[in-house]
Every structure is written in structure tokens, then in C-alpha cells.
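*Asks:* need a 3D model of the sequence below.
(4 chains)
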Protein chains: 2
Amino acid sequence: MSTRSAEGVAVVHGEDELVARTGHLIAAATDVAFAATTLHTWRAARRAGEATGVVASEPPDGVRLRKIYLPNAALDPAAARDLARFCESHGASIRITTDDINDTMLIDRRIAILGGDPRAGRRTYSVITQPDVVAGVAALFDAVWRNATDLSDFDAQVAEIRDIAPQVLDLLSRGVKDEAAARSLGLGVRTYRRRVAELMSALGAESRFQAGVRARELGLV
Amino acid sequence: MSTRSAEGVAVVHGEDELVARTGHLIAAATDVAFAATTLHTWRAARRAGEATGVVASEPPDGVRLRKIYLPNAALDPAAARDLARFCESHGASIRITTDDINDTMLIDRRIAILGGDPRAGRRTYSVITQPDVVAGVAALFDAVWRNATDLSDFDAQVAEIRDIAPQVLDLLSRGVKDEAAARSLGLGVRTYRRRVAELMSALGAESRFQAGVRARELGLV
DNA sequence: ACGCGACTGGCAGGTTGTTGCCACCCCTCC
DNA sequence: GGAGGGGTGGCAACAACCTGCCAGTCGCGT
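*Replies:* Numbering: from 1, shown residues only, chains lettered A, B, ... in the order given. Take a look at the predicted model:
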């Protein structure tokens, strides 16, 4: 057994151990909140839980479920559709943030689980039960939640951008002039400029500088 | 004792324990590399080491010392000067990256230390000795290192930007037209446009869209 | 066939942005 | 005092961008 509890913080190694320690808590929870840096972040843990039967494959009704993702998690149309479907079928709330977040899970606001570096072999998770620390993590989560964009709003915004050739974004971010950019796409300038105007509108930008900032912020370039 | 070694990964809690476990290794190391998300990241650990006398307050001569920081660590002029001084007095190499990094320390490429979430109370550190994992972390570090900008180059670039009123960046990122922006700064349009042109040059941008991307990338807006 | 809607691309008028020129002002130094 | 350097701001020429207009093309439906 490679976990050790000290001062309200337990560190576990890998998803199996995480489930062994927290699976029953998650299964019985009425309020679960996740912040995930990628779509896959908590997938391994969920699979481990389902395999053992500790965690149901479908969350029970009546559980308040919130998830925060980074923009790049929802930029792919298929992923965005999956997320939207999950919202509908489970009454979950999903928001997208451009703030910096770490992989975090909050269970009933009494237990916080923080994911370690996913690149360092088997992942460590810190399971925090110390009330002050949990409260601090929860407060941070709430702050990010409040500032985040609802998935449907984000998706409406990005759906428009997605339909406009990503090549336009690439050319713009390289500082290519409109005429040269149009030529390189085999378009007329008028059409290229139409695309740029649509993109600006979708980004809610009044100027090209502002559009550049927004595009980078959203992880589009 | 709250550490436990398993499969070449040991997790320690707090800087005192980190020093107890690794201080002597760091003191004897000939090649130390850090990646730090903030200027303070490894400060607590160094202080703990100095307090116990395990780690010298000045790194011994002949140690290869490399540090990678995020742009926001070097945007403050005073901080940048401190970093430059450290380079000179210790023969250290410092680079700035816009890539995503985690707090990482590499000791003689045999031991990797990864910092956990700094917001979760006492910080956990994963001390990795398992060779494959260390090699993986080292490879990631090297990739980021190669792609990073030398501190002096970065500083030269940003020094220029720093001297140009940050208000210009703010106005640009809000999409304000030149004439209105100039008026709001109490400048003539010609002068405002000089500032913008200088900024564009400092950012190495050919267009305003590109400049917006770059500015965001550097954490300037 | 015809009508309609959607889209393209050239053209042109207007706006915004880029930059050189030059008069003017201020400060420092001899 | 004059010379020189640095900076500002108005003006203007030019380039780049924004967008309406309209002719033409294509696809679809009746």
C-alpha cells in the first residue's frame, strides 16, 4: 500500500488506488465538481472505478455535477458535441475557462483531489480532507467557475470560427497581407476579407490587434 | 515520516522534507536544471536547505546550472535584473519559454523533482529516481530548453516594450481606434502611432493581428 | 425552362493605419 | 548666444483594410 495520510492530505499513486480510496465517496456524493486540463484527465480514474463496480457508469440522478475545461478541450466539434450530450443526459453544467487551472475534483466540498503531473509516469493524486485546504481549493474553483463561459455559449462562438477556414487564422497570425493571403488560398480578396470579417465578429473584436489577442486567448493560434 | 518510496517515485510533503531527502544530492550535483512557473517556485526549498546547512547559499563553482521561466517571471524589470545578475555571478544559463511548463528540477539527469499544486496547502513534491521516467522528464526539459529564448534576448525585446506605455497595449487590446486612443492618452495621433510602431517592431510583428497574438503569448495583455 | 437563394469576385468609396517631412519646442553644452 | 540632440504634432501621400454594390455562377426546387 503506497498511500500515507498526514494532516488531511493523502497521496495516492495511479487510478486504481485513487478509486480504492475515494470511489465510494464519489459514488455517494451529491455534489461533484471537476476542473480538467484535458478531456482525458479524469477518464482513467472513471474507468478504474467502473471496472471495480465502485463507481456507476452513469452518475445517479440528483447529483449536482459541474465541470470546467480549458478551451482546447471544446474546440474539436466532436468533443464539443459529446460534452453537450453529457450535459443534456446528466443535467451536468459545463463551462469553459481561459484561466489557468489544474486538474481538480471536489466531492461534496469536503474532499478535494488534485492531479499531479500527468507526464511523470504513473500519476499521483493528492486527496485532501483538511477542511481549510479543501475550502481554499473550493473557493478557487468557484472563482474560476464564475468567470467561465457556459459550454453552449462558448460552442456557439467557436462553431462559427470552426467553420471559417483555420487557414485564415494561420495566415493572419503570420502577418500575411490580405492580397497575398487570398492568393495563397485561391480566393478573391473580397471573399478573404469576408472570412476575416466573420472571424472578427465571431471573436467579438473591433480591431485586428484585439482579434489576435482573443484568438490566442482561446487557443486558436 | 510521511514519505514513501515506490517504483522510483517518492512523494515528500513540504520543503523541509524535500531538503531532507534531496538536499545532499543537490549539494553534490554537477548539473542542475530547473523549470519554474514563478520566481518563487524553488525559493522556499532553497531557504529550507540553507537553514539546515545542507545546501550552500551560493552554488559551488563548476556546477552547470540551467533555469527556464515563463515570460511573466521576467517581465518585471527588477526581477529581470536579478535574474541577469544571477547568471553573471554563477555562470548560470536562464531562458524564457512561452510553452506550458510545470515546476521541475533535474539533478545530474538522474533525479527529477516535480512540484505539485502550489495552491493546495503544504506542497507535495514527487522525487523521481526511476530512470525511464527521469529520462522522459529530462527529454521534455531539453525540448523546452531548445525552444526557449535566452534571458538577455528576451529582456532586450521586452525592455523595449516595457518602456512603451503599457496603456498602449491596453488600448490596442480593447480595440480602440488610434485617434480615440491618442486622445485618451493626451497625445497626438502621430506620437501614438509612433508608440504603436515601436511596439510592433519590438514584438517582431508585421500586422496588428500578429502583434495581438504575440502580446498575448508573452503575457503582456 | 424559370425563379430563387447562396456564394464569389471585381470595383469603388470610405476609413484606418503607416510613415516621411518639417516646423516647433525644450534642454544641454560650449 | 548658437549648435545639436531628442521629442512632439500637424500634414500629406500611400498602403492596407472595410464594406456596399452588382454581375455572374451554381445548385435546387417547382
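
*Asks:* who's the residue minimising distance to the centre of chain A bridged to?
*Replies:* The residue lying closest to the centre of chain A (C-alpha atoms, centre = their mean) is A:Y69, at 1.3 Å. Beta-bridge partners for A:Y69, by DSSP bridges, are A:A36, A:I96.

*Asks:* looks like A:L172 contacts B:E206 (just checking).
*Replies:* No - between A:L172 and B:E206 there is no contact, the gap being 10.5 Å when judged by C-beta atoms under 8 Å. C-betas here are computed from N, CA, C, even on glycine.

*Asks:* list the contacts of A:L18.
*Replies:* Listed by C-beta atoms under 8 Å, 6 or more residues apart in numbering or on different chains, the contact partners of A:L18 are A:12, A:45, A:48, A:113, A:125, A:127.

*Asks:* which bits of chain A sit near DNA strand C?
*Replies:* A:186-191, A:194, A:207 (C-beta under 7 Å from any atom of the strand).

*Asks:* change it to 6 Å
*Replies:* A:187-191, A:194, A:207 (C-beta under 6 Å from any atom of the strand).

*Asks:* turn those into a markdown table, including pLDDT and distance to chain B.
*Replies:* Converted to a markdown table, those look like this (pLDDT from 0 to 100; distance: C-beta to the nearest C-beta, whole Å):
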| residue | pLDDT | distance to chain B |
| --- | --- | --- |
| A:L187 | 90 | 17 |
| A:G188 | 91 | 20 |
| A:V189 | 93 | 15 |
| A:R190 | 93 | 19 |
| A:T191 | 92 | 18 |
| A:R194 | 92 | 16 |
| A:S207 | 94 | 4 |
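
*Asks:* tell me how far the residue of chain A most remote from its centre lies from B:K67.
*Replies:* In chain A, A:G188 marks the outermost C-alpha relative to the chain mean, sitting 37.6 Å out by C-alpha atoms, centre = their mean. For A:G188, the distance to B:K67 under the criterion C-beta to C-beta, to the nearest Å works out to 50 Å.

*Asks:* the lengthiest helix in chain A - contacts with which helices or strands?
*Replies:* Scanning chain A for the helix with the most residues, using DSSP state H, yields helix A:131-147. When contacts are defined as 3 or more C-beta pairs under 8 Å, 6 or more residues apart in numbering or on different chains; DSSP states H and E, helix A:131-147 sits against strand A:31-36, strand A:64-69, strand A:104-107, strand A:111-115.

*Asks:* right, and those - which one's nearest A:V176?
*Replies:* strand A:64-69 (31.4 Å; C-beta to C-beta).

*Asks:* report the buried residues of the closest one.
*Replies:* Within strand A:64-69, the residues that count as buried by 16 or more other C-beta atoms under 10 Å in any protein chain shown are A:65-69.

*Asks:* give me the contact list for it.
*Replies:* By C-beta under 8 Å, 6+ apart, strand A:64-69 touches A:30-37, A:39, A:59, A:83, A:90-97, A:101, A:141, A:144-145, A:148.

*Asks:* ok, back up a step: counting neighbours, go ahead and name the busier of A:L172 and B:E206.
*Replies:* Using other C-beta atoms under 10 Å in any protein chain shown as the criterion, A:L172 and B:E206 rank with A:L172 on top: 26 against 13.

*Asks:* which residues touch that one?
*Replies:* Counting by C-beta under 8 Å, 6+ apart, A:L172 has contacts A:181, A:196, A:199, A:208, A:211-212, A:215, A:221, B:207, B:209-210.

*Asks:* can you give me the helices in chain A?
*Replies:* Applying DSSP H to chain A gives helices spanning A:14-28, A:43-52, A:71-74, A:77-90, A:131-147, A:151-163, A:166-173, A:178-185, A:189-203, A:208-217.

*Asks:* mind listing what's buried along the fifth one?
*Replies:* Buried residues in helix A:131-147, counted by 16+ other C-beta under 10 Å: A:133-134, A:136-138, A:140-141, A:144-145.

*Asks:* columns pLDDT on top of those, output as TSV?
*Replies:* Formatted as TSV, those follow (pLDDT from 0 to 100):
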residue	pLDDT
A:V133	79
A:V134	83
A:G136	78
A:V137	82
A:A138	85
A:L140	80
A:F141	85
A:V144	82
A:W145	87
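
*Asks:* need the max-distance pair from those.
*Replies:* A:V133 and A:W145 (18.4 Å).

*Asks:* for A:A182, see how far away whichever residue of chain A sits closest to DNA strand C is.
*Replies:* Per C-beta to the nearest atom of the strand, A:G188 is where chain A lies closest to DNA strand C, at 2.6 Å. Going from A:G188 to A:A182 by C-beta to C-beta gives 6 Å.

*Asks:* how about A:D155?
*Replies:* From A:D155 to A:A182 the distance is 29 Å (C-beta to C-beta).

*Asks:* got it, and A:T191?
*Replies:* 7 Å.

*Asks:* give me the more crowded residue out of the two.
*Replies:* A:A182 (21 against 12).

*Asks:* which residues touch that one?
*Replies:* The contact partners of A:A182, by C-beta under 8 Å, 6+ apart, come to A:188-189, A:191-193.

*Asks:* gap between it and DNA strand D?
*Replies:* 9 Å (C-beta to the nearest atom of the strand, to the nearest Å).

*Asks:* over to A:A51?
*Replies:* For A:A51, the distance to DNA strand D (C-beta to the nearest atom of the strand) stands at 48 Å.

*Asks:* just to revisit the earlier point, now the buried residues of helix A:131-147 in a markdown table, with distance to B:V19?
*Replies:* Shown next, in a markdown table, are these (distance: C-beta to C-beta, whole Å):
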| residue | distance to B:V19 |
| --- | --- |
| A:V133 | 22 |
| A:V134 | 27 |
| A:G136 | 25 |
| A:V137 | 26 |
| A:A138 | 31 |
| A:L140 | 28 |
| A:F141 | 31 |
| A:V144 | 33 |
| A:W145 | 37 |
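
*Asks:* so which of the residues you listed comes closest to B:G8?
*Replies:* Looking across those and measuring by C-beta to C-beta, the closest to B:G8 is A:V133, at 27.8 Å.

*Asks:* what's the separation between that closest one and B:H40?
*Replies:* On the measure of C-beta to C-beta, A:V133 and B:H40 end up 19 Å apart.

*Asks:* and chain A, which residues reach DNA strand D?
*Replies:* Residues of chain A lying close to DNA strand D (C-beta under 6 Å from any atom of the strand) are A:177-178, A:190, A:193, A:196-197, A:208.
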